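S.K.: give me coordinates for this.
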Amino acid sequence: MPQSRRTFLALGAAGLVSAARPLTAAIRAAQPPKFRVGVTDWNLRSEANPASFALAKKLGFDGVQVSLASGRGAERAPITDDVVKQYLAQSKEHGLPITSTCLNILHTNYLKSDPLGPKRVAEGIALTKAIGVEVMLLPFFGDGAMKTEAEMDRVGDILRELGPEARKAGVILGLEDTISARDNVRIMERAKSPAVLTYYDVGNSTGNGFKVIDELRWLGRDRICEVHLKDNPHFMGEGTIDFPGIIDALADIGFARWAVLETSSPTKMLEDDMRKNLAFTRGLVTARAKA
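M.R.: From the prediction side, this is the model:
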């Protein structure tokens, strides 16, 4: 595919609009990307570890997405109040905001089927409020993935019960999963709560056969609470995902929340690999702003 000007500029820097009415160059130039770029604590190999802030600052990220549980499998447990205090202290010390939380205990207590799932969400709402951020990611993967309409309906019904509690706490419950944007909106509509939105992951959606750019534009700014950027196991820009097109779509819909890198480390050199993906992302943002 011929290299676009934005891709060229981005590589140099790095080393819901209607398709029937395309944006003019003047309009596009007036809408640079408005989001900041964060990173997940688990991809820094520091899940539920407040030391993630020092490393994220060192690497040049704008913020950190933090985990609300530690451990693995049956040993996974919610973080303590002490960890919350450490998150807040490290965030302040390094001048690095917390982008959002991840209720990673749902990898153990699946919301779609485990009786403990709703309790875990309620606990997560309280923790997220204590941390002082708005978005809490609800993951649905592996055995916890939603695979049938019945499972989606059950999740929607559970979130209808939890939505008022989340809204009162000022917390948004973000759905990150393996289903389509339209199925996510179906769950949102069944939940009947403005506190339930889509947490869009471009890597997950690509891997499950969805047209990411079309989905982002269809969802629009107001139905997306946050975005994960990745093309694992590749470096961003070296796999199949059209990141220049994704940055364009996010800018065009006016997305102004966090875009968080959930990137793996292809060479196993964590800091070098994270810097490379961050530089690529920042290069695309700069190129779009100059287009």
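S.K.: wait, is T101 part of a helix?
M.R.: No - looking at T101 with DSSP: H, G, I helix; E, B strand; the rest coil, it is strand, so not inside a helix.
S.K.: isn't it up against V64?
M.R.: No - with contacts counted by CB atoms under 8 Å, T101 stays clear of V64, the gap being 10.3 Å. For glycine as for every other residue, the C-beta is placed from the backbone atoms N, C-alpha and C.
S.K.: just the strands in the stretch 1-150 of the chain please.
M.R.: With DSSP state E, counting those that start in this stretch as the criterion, the stretch 1-150 of the chain has strands at 36-40, 63-67, 69-70, 77-78, 98-102, 135-139.
S.K.: and for the stretch 151-291 of the chain?
M.R.: Counting by DSSP E, counting those that start in this stretch, the strands of the stretch 151-291 of the chain are 172-176, 196-201, 224-229, 258-261.
S.K.: now tabulate those strands in CSV and tack on mean pLDDT and distance to G71.
M.R.: Shown next, in CSV, are the strands of the stretch 151-291 of the chain (pLDDT from 0 to 100; distance: least, CB to CB, whole Å):
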stretch, mean pLDDT, distance to G71
strand 172-176, 99, 20
strand 196-201, 99, 23
strand 224-229, 98, 22
strand 258-261, 98, 22
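S.K.: still on that earlier bit, for D231, find the nearest of the strands of the stretch 1-150 of the chain.
M.R.: strand 36-40 (14.9 Å; CB to CB).
S.K.: residues contacting the closest residue to I105 other than its chain neighbours?
M.R.: Excluding the flanking residues, the one nearest I105 by CB to CB, 6 or more residues apart in numbering is A69, at 3.8 Å. By CB atoms under 8 Å, 6 or more residues apart in numbering, the contact set of A69 is A48, R76, A77, P78, I79, L103, N104, I105, T108.
S.K.: show me what contacts the residue nearest to the second one when sequence neighbours are not counted?
M.R.: Okay, so that is R76. Of all residues beyond its chain neighbours, the one nearest R76 is T108 (4.6 Å), with distances taken as CB to CB, 6+ apart. Each residue near T108 by CB under 8 Å, 6+ apart is listed here: A69, G73, A74, R76.
S.K.: any idea how far S52 is from T108?
M.R.: Using CB to CB, to the nearest Å, T108 is found at 21 Å from S52.
S.K.: what's the spacing between the spatially closest residue to I253 that is not a sequence neighbour and A48?
M.R.: Residue nearest to I253 in three dimensions, not counting chain neighbours: R221, with 4.7 Å by CB to CB, 6+ apart. Distance of R221 to A48, given as CB to CB: 30 Å.
S.K.: the two: which has the busier surroundings?
M.R.: More crowded of R221 and A48, by other CB atoms under 10 Å: A48, with 23 against 15.
S.K.: ok, back up a step: for D272, which of the strands of the stretch 151-291 of the chain is the nearest?
M.R.: Here strand 258-261 is closest among the strands of the stretch 151-291 of the chain (CB to CB), at 14.1 Å.
S.K.: hang on, the earlier thing: distance of the residue nearest to I105 relative to N184?
M.R.: Plainly put, A69 is 23 Å away from N184 if you go by CB to CB.
S.K.: give the contact list for L250.
M.R.: Contacts of L250 by CB under 8 Å, 6+ apart are P33, F35, L216, V227, A259.
S.K.: how many neighbours does the residue lying closest to the third one once chain neighbours are set aside have?
M.R.: Nearest-residue entry for L216: A249, 4.3 Å, with adjacent residues in sequence omitted and distances by CB to CB, 6+ apart. Other residues lying near A249 total 22 when counted by other CB under 10 Å.
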